[in-house]
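Q: Quick one, structure for this:
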Amino acid sequence: MTEPAGWRNGLEPKIADEVEHVVRAFADARAGGRQITVVPDGAGGVGHMHAEGQILVREEHLPRVLDVLEHRTREDLEQDEPGRIRRVIAGYVLLTLGGPHSTVAEALDLVDGALGRGIATPNHVVTVAEDGRPGVCPATEPDAVYYGVEPFPSVSQGNGGTGVLVYLADTGLLRDAATHPWLAGVQVIDADQDYDPRTPMQGDPPQIPPYTGHGTFVSGVLRCLAPGAEVMVENAFSVAGSALEADLVPRLEAALGLGVDIFHLSIACVTRNDLPLIAFGEWLRRLGQSKGAVCLAAAGNSAIRRPVWPAAFPGVIAVGALGGDWRGRASFSNFGPWVDVYAPGRDIVNAYATGLYTCHVSPYVGDKRTFYGMARWSGTSFSTPIVTGLIAARMSATGENARQAAAAVLAEAQLQAIPGVGPVLLPPR
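A: Predicted coordinates:
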């Protein structure tokens, strides 16, 4: 594991606390004991994070990459060291490094110099705790609310979203989520893997781990806007709310066979040299071949213009956050020409775990907060399901497919654009 002294002193305290939590979670043997390298951006934030000793490679260029890195041929590696080369998605493989150039930084500098950028990239960490600057995603840790408080935005009347299938890649679903009426019927894809957390919480009161409840909260916001939508939740970010690109993309590829209308991704990632996530890009190309389906992603909470992936892909609807008065951009929200629309993301209230939560991010490290099944939370993770819900509700009302409904909803957002912010969507009042 990268030692904190190697990078922590260059980060703002809040970011350092969050990043160290993610790094330690990956190093845990239960997560495979993976070493994560943290690359600071030189301005108090994180340039990117990646798994050490692995690179993603465009398969057509693999022989040349192996030659540049002084590796043996693909045939020799696959015969003598199976597992060194692993398929991620058609046309892209994960190469475990070895030999004289075994660090990601050294290997990619060589490949970039010989073959050009984008042929190979790190196996980036993608996370609901976006590793940027100056904030993290979620923008805040969950806040306690009074017992019995209503969700905000409130549950829409009617059965909007009926007949629409939404795939939600997040931290999974709380086992008791259905005790909230607006979450009744929300399903997990795999009952052994997709509950959040995977093992029941322990203690009296139960101890709520960090990021637990994120997927349930996002599902709840979506269902408030589209109560009739069919939502399938996958626990794609079980390591401190994070995953590696090479592990996430196969999950998304498998979900292409479910007949999904809307792919909703609660993730954000800053990358080496700001290049796109190459394996995800191939998945997105395949999604584009599915007539009528769309993908939405949170813009992230670093208050930066720098592109954040996958939201910055042209084929993804990127959602930023409005502040509490809905008249301006939230201070934490990312922004720029790659952000398509903004929706409320400050002080959203919805379903959460019941138990005791211990804060782990500065300046509240060690503070105890007691929850009774609801929470107040902020972040672009929570503005995004508002847009997803509005698209799903329009689909059931008009008969349009997801792509058509999304185009209409974004056209409406443009008519409501706020100068200095951009296109805006608000929940019905």
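Q: which residues touch stretch 59-75?
A: 57, 77, 80, 85, 91-93, 95, 97-101, 107, 110-111, 114-115, 119-120 (CB atoms under 8 Å, 6 or more residues apart in numbering). Every residue, glycine included, has its C-beta placed from N, CA and C.
Q: same thing with stretch 395-409?
A: Against stretch 395-409 from outside (CB under 8 Å, 6+ apart): 159-164, 226, 228, 261-262, 291-294, 317, 387, 390-392, 394, 425.
Q: Show the buried residues in these.
A: With neighbours counted by 16 or more other CB atoms under 10 Å, the contacts of stretch 395-409 contain buried members at 160-162, 164, 226, 228, 261-262, 293-294, 317, 387, 390-392, 394, 425.
Q: picking that back up, give me the subset of the contacts of stretch 59-75 lying in helices.
A: 77, 80, 107, 110-111, 114-115 (DSSP state H).
Q: how does the protein divide up, domain by domain?
A: For the chain, the structural domains run 4-125, 165-415, going by automatic domain parsing.
Q: right, and those domains - which one's nearest residue 145?
A: Nearest of the domains of the chain to residue 145, taken as CB to CB: domain 165-415 at 5.2 Å.
Q: What number of residues are in the vicinity of residue 349?
A: Neighbour count for residue 349, taken as other CB atoms under 10 Å: 22.
Q: could you give the mean pLDDT of the biggest strand by length in the chain?
A: The longest strand of the chain (DSSP state E) is strand 46-58. The average pLDDT within strand 46-58 is 95.
Q: So which bits of the following helix or strand past that strand are buried?
A: Next helix or strand after strand 46-58 toward the C-terminus (DSSP states H and E): helix 62-68. Neighbour-count burial for helix 62-68 flags 62, 65-66, 68 (criterion: 16+ other CB under 10 Å).
Q: Out of the residues you listed, which is nearest to residue 271?
A: Nearest to residue 271 among the buried residues of helix 62-68: residue 65, at 18.4 Å, using CB to CB.
Q: Please give me every residue in contact with the closest residue to the closest one other than its chain neighbours.
A: Nearest residue to residue 65, sequence neighbours excluded (CB to CB, 6 or more residues apart in numbering): residue 57, at 5.2 Å. Residue 57 sits next to 65, 92-95, 119-120 when contact means CB under 8 Å, 6+ apart.
Q: just the buried members of those?
A: Using 16+ other CB under 10 Å, the buried members of the contacts of residue 57 are 65, 92-95, 119-120.
Q: distance of the nearest residue to residue 114 once chain neighbours are set aside from residue 316?
A: Using CB to CB, 6+ apart and skipping residues adjacent in sequence, the residue nearest residue 114 is residue 68, 4.7 Å away. According to CB to CB, to the nearest Å, residue 68 stands 32 Å off from residue 316.
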